[in-house]
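Asks: Only the shape, not the letters, is given here:
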């Protein structure tokens, strides 16, 4: 459902669902996929010069560091948690 919202351009609704999956169901494959989608959205915000939105997503993702995927993302993007 979140992917459908995203494909229809309803990014806020999609993000809300991605966050719910990531935070409330963190041990599932769907949560990992949701985190990947959130990272993609943050990168898109960054490319579109919406740095505040990108930073908010990166910071919230970094708060999920007990999730294995987020640790992998941090190792791939070491500066993602400290955008300046």
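Replies: Done, it's in. Please read all numbers here as calculations on a predicted model, not as lab measurements. Numbers count the residues shown, from 1 in each chain.
Asks: chain center to the lengthiest helix in the chain, what's the gap?
Replies: Taking DSSP state H as the criterion, the chain has its longest helix at helix 29-47. In terms of C-alpha atoms, centre = their mean, to the nearest Å, the centre of helix 29-47 is found 4 Å from the chain centre.
Asks: can you map out the helices along the protein?
Replies: With DSSP H as the criterion, the chain has helices at 2-7, 11-24, 29-47, 51-62, 68-76.
Asks: Spatially central residue in this protein, please.
Replies: The geometric centre of the chain, computed from its C-alpha atoms, lies nearest to residue 38 (C-alpha atoms, centre = their mean), at 2.3 Å.
Asks: I'd guessed that one sits against residue 61; true?
Replies: Yes - between residue 38 and residue 61 there is a contact under C-beta atoms under 8 Å: 6.0 Å. Heads up, the C-betas are built off the backbone N, CA and C, glycines and all.
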